[in-house]
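Trainee: Okay, here's the prediction I keep looking at, along with the sequence it came from:
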Amino acid sequence: MSLFRCPICSAPLTRGERTYTCPNGHSYDISKEGYVHLLPPNQMHSKAPGDDKAMVAARNRFLSAGYYQPLRTALEELALRYAPAPCAVVDSGCGEGYYTAGIAQALREAGRSPAVAGIDISKFALRWAAKRDRETEFAVGSAYRLPVADGCAHLLVNCFSPLAAEEFHRVLKPGGVFLYVVPAPEHLWELKEVLYDTPYPNPDETIPYEGFQLLEVVPVETMLHIENPEDLQALFQMTPYCWKTPKAGVERLRALSRLEVRAGFRIHVFRRDMA
């Protein structure tokens, strides 16, 4: 059974061999990679919204090398702690599906029989995601209008992606859990020291969201020993720094062949109110 619903009429979608269809006759082709496009033209602000091909390729290279494995492991452990059996999981802003695939695999191996859907606005990211995990459904869609039904998910995941609290509340079942990943204050500090003359820490705050109860904040800290210049450039290209770094900082980074960098994350665990 598909977790997706029609972006036009909100009816449930049924997955066929090559298309998703709804009872009202709307049809959506499945790409050769395996994802479906569920973002209506009136919600698209460009021909190819979201991260571009170069940024996606850089992030896929870096994540696939295992540098952020500690974060993936922590998310898998939290999914096992909070997701029932069977369960439905929605990853909003799933990107290349690195964390989606890890969570899905952990739940499958634990016998939780998960139905998993990953949604991202970038078709370039979903090309990687759909090839990484053939059992998970992936769709181009907006975090602010997720193409899934009300109250369908036991677990919702959001890693470094736009937070749409009202929409997440709609999608989660009462009592469902929301895992929200943000960078810690000194995340990638050594990289920022190379790029900027006066780097500043990320904000360290826990914002309350109406309709959610904060259960815990899980810190994840690790040191990245980057010995490959191509991996170092991939890290830079997958971050927002790529768009706003002065030329001098870019040149300093290009001159490096290795770097040790702190990576820090905060996983905020929220439960949707029962009402």
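Mentor: Cool, the structure landed. Residues are numbered from 1 along each chain as shown.
Trainee: Arg61 - nearest residue in space that isn't next to it in sequence?
Mentor: Using Cβ to Cβ, 6 or more residues apart in numbering and skipping the chain neighbours, the partner closest in space to Arg61 is Ala234 (4.6 Å). Every C-beta, even on glycine, is put in place using the N, C-alpha and C of the backbone.
Trainee: same thing with Thr21?
Mentor: Thr21's closest residue in space is Ser27 (Cβ to Cβ, 6+ apart), at 4.9 Å.
Trainee: End to end on stretch 55-71, go ahead and measure it.
Mentor: End-to-end distance of stretch 55-71 (Cα to Cα, to the nearest Å): 20 Å.
Trainee: on that earlier part again, pretty sure the residue nearest to Arg61 is in a helix, no?
Mentor: Yes - membership of Ala234 in a helix is supported by DSSP: H, G, I helix; E, B strand; the rest coil.
Trainee: how about the strands of the stretch 151-275 of the chain, start to end?
Mentor: Secondary structure of the stretch 151-275 of the chain, counting by DSSP state E, counting those that start in this stretch: strands at 153-159, 172-183, 212-226, 259-272.
Trainee: Go ahead and measure how far the longest one is from the middle of the chain.
Mentor: Here strand 212-226 is found 15 Å from its chain centre; the criterion is Cα atoms, centre = their mean, to the nearest Å.
Trainee: who touches it?
Mentor: 67, 70-71, 74, 78, 165, 169, 177-178, 184, 206, 208, 232, 235, 258-273 (Cβ atoms under 8 Å, 6 or more residues apart in numbering).
Trainee: what does the first one give?
Mentor: If you take Cβ under 8 Å, 6+ apart as the criterion, strand 153-159 is touched by 3, 71, 75, 79, 82-84, 87-95, 99-100, 103, 143, 168, 171-173, 176-181.
Trainee: Only the C-alpha atoms, please, for that strand, written as PDB.
Mentor: Provided in PDB are the C-alpha atoms of strand 153-159 (Å, rounded to 0.1, in the frame of the first residue of the first chain):
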ATOM      1  CA  ALA A 153       2.800   8.400  10.000                       C
ATOM      2  CA  HIS A 154       4.000   6.900  13.200                       C
ATOM      3  CA  LEU A 155       7.400   8.500  12.700                       C
ATOM      4  CA  LEU A 156       8.500  11.700  10.800                       C
ATOM      5  CA  VAL A 157      12.100  12.500  10.100                       C
ATOM      6  CA  ASN A 158      13.600  15.900   9.100                       C
ATOM      7  CA  CYS A 159      17.400  16.300   8.700                       C
END
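Trainee: What strands flank that strand, and is each parallel or antiparallel?
Mentor: Note on strand 153-159: by DSSP bridges, its sheet partners are strand 87-92 (parallel), strand 172-183 (parallel).
Trainee: for those, which one sits closest to Ala58?
Mentor: strand 172-183 (17.3 Å; Cβ to Cβ).
Trainee: average pLDDT across the closest one?
Mentor: Taken as a whole, strand 172-183 has an average pLDDT of 97.
Trainee: In that strand, which of the residues would be classed as buried?
Mentor: Judged by neighbour count using 16 or more other Cβ atoms under 10 Å, the buried positions of strand 172-183 are Leu172, Lys173, Gly176, Val177, Phe178, Leu179, Tyr180, Val181, Val182, Pro183.
Trainee: tell me the angle it makes with strand 212-226.
Mentor: Direction vectors for strand 172-183 and strand 212-226, defined by axes from the mean of the first three to the mean of the last three Cα atoms, to 10 degrees, enclose an angle of 40 degrees.
Trainee: Output strand 172-183 as CSV, restricted to C-alpha atoms.
Mentor: Output in CSV follows, covering the C-alpha atoms of strand 172-183 (Å, rounded to 0.1, in the frame of the first residue of the first chain):
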residue,chain,number,x,y,z
LEU,A,172,1.7,12.4,12.2
LYS,A,173,-0.7,10.2,14.0
PRO,A,174,-1.7,11.3,17.5
GLY,A,175,1.2,10.2,19.7
GLY,A,176,3.5,10.0,16.7
VAL,A,177,7.2,11.0,16.9
PHE,A,178,9.1,13.7,15.0
LEU,A,179,12.9,13.5,14.8
TYR,A,180,14.3,16.9,13.9
VAL,A,181,18.1,17.2,13.2
VAL,A,182,19.9,20.5,13.4
PRO,A,183,23.6,21.4,13.5
